[in-house]
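Visitor: fold the following for me, if possible:
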Amino acid sequence: MGGGRAPLAYNGEDTGNGKAEHGGETTGRGRKGHPCPQWNRRSVGQKENDPDTKRTTCSFFALRFTVSHTQTLLGASMSRRSLLTAVALIGTGVVMGVVLMTSFGSNAISELFALGTTDLGARQAPATSPAAVKALNDQFVAVADAVTKSVVSISVKTDKKKMRTPFGNDFFRFFGPDGNDLEEEPQDNNNDDYDGAGSGVMVTADGYIVTNNHVVENAIEGGIKVTTADQREFKAKLVGRDPLTDLAVLKIDGGTFQAAHFADRTNIRVGEWVVAVGNPLGLKSTVTTGIISADGRAIGIVGSDRLRAQRNRFAVENFLQTDAAINPGNSGGGLFNLDGSLVGINTAIASTTGYNAGYGFAIPIDMVKSVALDLIEDGKIQRGYIGIEITSIDETSAKAAGLNNVSGVYVNKVVKGGAAEAAGLEVGDVILDVDGQPVKTSNELQNQIVLRRAGDRVKLKVWRDKKEITKTVTLKSMDDGESDVASLEGRAGGATDSSDEDPVSFKGLGFTAGPIPSDIKKDFSSKAGVFVSKVDMRGRAARRGLRPNTLILKADGKDVTSAQQLENILKSKRAGDGIMFVIVDKEGTRQAITLEVPEA
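Guide: So this is what the prediction gives:
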């Protein structure tokens with residue numbers, strides 16, 4: 001059966017290609033008479049004279065040669081001897097193949113069958129991450145996946161007539177250097193009616209959302225749209241706003257939502273990893289990473305603009321600083337730790353371009369929680385106020401107060417009718433702690449009070465006359481304590497008519513003071529003190545807050561009745577000592593300033 005020529009000839013028979021396959025002539029298949037081409041030719045990707053490759057490859061060709069040879073024998077007469085020879089050859093080929101495969105592995109065989117292909121890239125990574133690094137990476141991935149579900153995109157239709165004015169400094173709530181609101185980039189490209197954009201964080205499962213006041217403060221009625229991470233869209237209701245902390249609360253209905261978990265404020269540490277989530281520049285659900293760079297920052301932007309004139313002194317700032325990338329559109333988004341807990345609401349950046357420069361600021365979670373609860377439960381803020389104006393202690397005021405440490409909060413003014421006045425606080429007092437919690441700066445004190453409501457009682461440790469005293473203050477609402485600020489009267493004293501005295505120039509401090517001119521005595525409620533007639537605006541006193549047309553009532557704790565007495569008090573101090581003045585203006589507002597005594 002069959003007929004035709006066998007596929008492989010033996011002993012030099014012609015196979016149809018005009019060449020002898022074996023028996024002494026050099027063929028196109030390899031060394032003379034050898035079935036394996038690898039003895040004098042390299043394959044693509046194989047090394048010349050590589051013994052592993054040669055052996056393994058030739059194992060394959062040896063097997064082919066044996067099988068073909070056997071086929072030739074079987075095609076001839078099937079004598080008993082020929083059959084035994086064929087079986088022996090087959091067995092030998094199988095054994096050789098197994099031995100070579102076992103000895104040299106399958107890689108070389110794989111290379112053989114990959115002849116003519118192109119491998120891209122290296123066969124393995126150049127380095128292996130330690131288990132701890134892989135675990136940290138996995139944690140970032142897990143947190144990003146979890147917390148993005150709690151962050152929403154907010155689009156706003158604004159009343160452009162009420163748009164805020166420029167801040168005039170390098171701190172922006174995502175504003176450019178020209179004062180234009182960089183958040184006025186609509187994220188919804190299909191609806192040009194929405195001209196403002198920001199972010200928010202879901203704080204309850206039934207749809208309450210915390211964001212920044214400046215994101216929604218100019219929204220028109222019904223002009224707020226919320227888009228969740230799964231792209232569901234809702235009309236949002238404005239529940240309430242608090243311009244003095246730059247926070248606001250929205251409400252959406254129609255589903256169950258994933259609320260953020262709140263971190264413990266006391267466990268937030270400088271240097272810990274954080275993840276910022278928001279919708280910057282229209283890029284929804286963007287995740288960036290960084291660390292907490294600083295805590296307790298005050299940058300002077302909250303409560304500004306149209307509220308600046310009447311309420312800026314009550315604005316509260318105690319920001320967390322982060323280097324996580326924050327850009328326009330991140331306003332109101334979340335800052336999370338590696339447990340996936342919310343540590344703050346992203347609010348502002350410090351930048352000369354309006355875009356991320358590595359200095360982002362977030363409202364801390366304790367303030368967020370306090371304000372959100374007030375707005376959700378009452379629709380307004382029930383914040384308590386002490387009724388004072390304050391500054392942080394510096395080296396000069398610490399010297400003036402006789403403090404060993406530059407730490408605490410200086411009482412510059414006391415509001416008439418306020419909680420502080422009722423509790424007996426005085427201008428020039430230094431507040432050291434609130435309910436046992438030390439306060440080193442003015443914003444730390446503000447943050448302690450903002451967490452409390454009107455009617456709450458707080459115990460203050462106060463430094464006065466070089467000793468510690470305790471004052472208990474029952475906080476009042478702003479309306480109770482602010483109604484009569486301008487009518488605060490100066491302290492009446494035993495007036496001494498010193499109109500015959502000459503003014504004294506305090507050149508080292510940069511001001512001139514003397515008797516109260518008779519034609520303006522009626523303008524001051526206090527008849528005591530010396531009148532500041534001139535102030536060098538480049539001098540030391542001006543830099544510390546002294547202004548002309550005011551009265552100096554006290555110096556170094558002593559009542560001042562004449563310019564000569566004030567000069568004697570200053571002469572009794574050494575150069576470099578600190579001294580405190582209590583001054584009063586024509587409106588009756590008292591203020592404390594501290595000065596460093598100059599060289600005589």
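Visitor: residues in contact with the residue positioned nearest the centre of the chain?
Guide: Nearest to the geometric centre of the chain sits residue 322, at 3.7 Å (Cα atoms, centre = their mean). Contact partners of residue 322, counting by Cβ atoms under 8 Å, 6 or more residues apart in numbering, are 274, 276, 290, 291, 292, 293, 335, 360, 361, 362. (C-beta placed from N, C-alpha, C; glycine too.)
Visitor: make a PyMOL selection of the buried ones in those residues.
Guide: Listed next is the PyMOL selection for buried residues among these, using 16 or more other Cβ atoms under 10 Å:
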select buried, resi 274+276+290+292+293+335+360+361+362
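Visitor: which of the contacts of residue 322 fall within strands?
Guide: When the contacts of residue 322 are checked against strands (DSSP state E), the matches are 274, 276, 290, 291, 292, 293, 335, 360, 361, 362.
Visitor: right, and the secondary structure at residue 399 would be what?
Guide: What DSSP: H, G, I helix; E, B strand; the rest coil gives for residue 399 is helix.
Visitor: give me the distance between it and residue 535.
Guide: 22 Å (Cβ to Cβ, to the nearest Å).
Visitor: returning to that earlier point: closest one of the ones in strands among the contacts of residue 322 to residue 150?
Guide: Among these, residue 335 lies closest to residue 150 (Cβ to Cβ), at 12.1 Å.
Visitor: for residue 245, see how far away that closest one is.
Guide: 16 Å.
Visitor: pretty sure residue 258 is touching residue 204, no?
Guide: No. Using Cβ atoms under 8 Å, residue 258 makes no contact with residue 204, being 10.3 Å away.
Visitor: now for these two: what residues contact both?
Guide: By Cβ under 8 Å, 6+ apart, no residue touches both residue 258 and residue 204.
Visitor: quick check, nearest of the contacts of residue 322 to residue 344?
Guide: In terms of Cβ to Cβ, no member of the contacts of residue 322 lies closer to residue 344 than residue 362, at 3.2 Å.
Visitor: residues contacting that closest one?
Guide: 319, 320, 322, 335, 343, 344, 345, 346, 347.
Visitor: so which helix or strand takes in the fifth one?
Guide: By that I understand residue 343. In the assignment (DSSP states H and E), residue 343 maps to strand 341-350.
Visitor: would you mark the buried spots in that strand?
Guide: Quick answer for strand 341-350 (16+ other Cβ under 10 Å): 341, 342, 343, 344, 345, 346, 347, 348, 349, 350.
Visitor: how near is the last one to residue 452?
Guide: Spelled out, that is residue 350. Relative to residue 452, and taking Cβ to Cβ, residue 350 is found at 30 Å.
Visitor: that older thread, farthest-apart pair in the ones in strands among the contacts of residue 322, please.
Guide: 291 and 361, at 13.9 Å, using Cβ to Cβ across the ones in strands among the contacts of residue 322.
Visitor: before we move on, back to that, tell me what the residue nearest to the centre of the chain is bridged to.
Guide: Under DSSP bridges, the beta-bridge partners of residue 322 are residue 292, residue 360.
Visitor: walk me through the domains of the protein.
Guide: Domain assignment of the chain by automatic domain parsing yields the ranges 1-116, 140-378, 388-487, 504-596.
Visitor: possible to save those domains as a markdown table with mean pLDDT and distance to residue 133?
Guide: Shown next, in a markdown table, are the domains of the chain (pLDDT from 0 to 100; distance: least, Cβ to Cβ, whole Å):
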| stretch | mean pLDDT | distance to residue 133 |
| --- | --- | --- |
| domain 1-116 | 53 | 30 |
| domain 140-378 | 81 | 11 |
| domain 388-487 | 84 | 36 |
| domain 504-596 | 87 | 51 |
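Visitor: nearest to residue 128, of those?
Guide: So among these, domain 140-378 is nearest, using Cβ to Cβ, at 18.5 Å.
Visitor: the closest residue to residue 570 other than its chain neighbours and residue 223: what is the separation?
Guide: Nearest residue to residue 570 in three dimensions, chain neighbours excluded: residue 597, at 6.2 Å (Cβ to Cβ, 6 or more residues apart in numbering). Plainly put, residue 597 is 58 Å away from residue 223 if you go by Cβ to Cβ.
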